[in-house]
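J.: predicted model, plus sequence, below.
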Amino acid sequence: MADHEQHVRELAYRLWEEAARPPGRAEDFWHAALATLSDEPPAAAAPAPAAAKPAPKPRKAAPARQPKPRARKR
């Protein structure tokens with residue numbers, strides 16, 4: 001029994017990695033691995049993961065403001 005669970009765990013992890021590691025979907029991949037190993041269709045088909053959005057480019061820091069020169073007293 002533990003050997004079967006280990007196979008499910010490894011397949012679920014591989015499926016998760018192939019799907020670009022979407023967060024919060026562990027249970028979906030667990031059930032997909034179970035269905036694959038038992039040759040049964042999954043109870044509910046998991047929706048395809050959305051394409052990963054590229055990380056936004058970091059903004060350039062605004063240049064430091066230089067203090068205005070003070071007028072000299074005469």
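T.: Alright, I've got the coordinates.

J.: now the residue most central in space within the chain: which helix or strand?
T.: With distances taken as C-alpha atoms, centre = their mean, the residue of the chain nearest its centroid is Pro22 (3.8 Å). Assigned by DSSP states H and E, Pro22 belongs to no helix or strand.

J.: from Leu15, how far out is it?
T.: For Pro22, the distance to Leu15 (C-beta to C-beta, to the nearest Å) stands at 11 Å. For every residue, glycine as well, the C-beta is placed using N, CA and C.

J.: could you look up the SS state of His7?
T.: Put simply, His7 is helix when judged by DSSP: H, G, I helix; E, B strand; the rest coil.

J.: so what's it up against?
T.: Leu37 (C-beta atoms under 8 Å, 6 or more residues apart in numbering).

J.: let's go with 10 Å and repeat that
T.: Ala33, Leu34, Thr36, Leu37 (C-beta atoms under 10 Å, 6 or more residues apart in numbering).

J.: which among the residues you listed count as buried?
T.: Buried members of the contacts of His7, counted by 16 or more other C-beta atoms under 10 Å: Ala33, Leu34, Thr36.

J.: can you name the residues that contact the first one?
T.: It refers to Ala33. Ala33 makes contacts with His7, Val8, Arg9, Glu10, Leu11, Ala12, Tyr13, Arg14, Leu15, Trp16, Pro42, as judged by C-beta under 10 Å, 6+ apart.

J.: one more time with 6 Å
T.: Val8, Leu11, Ala12 (C-beta atoms under 6 Å, 6 or more residues apart in numbering).

J.: run a quick neighbour tally on the second one.
T.: Same thing as Leu11. 17 (other C-beta atoms under 10 Å).

J.: now do the last one
T.: Counted by other C-beta under 10 Å, the residues lying close to Ala12 total 21.

J.: check the residue nearest to the centre of the chain and give its pLDDT.
T.: With respect to pLDDT, Pro22 has a value of 91.

J.: one more: Pro47?
T.: 59.

J.: which stretch of helix or strand covers Ala35?
T.: Ala35 belongs to helix 26-38, assigned by DSSP H and E.
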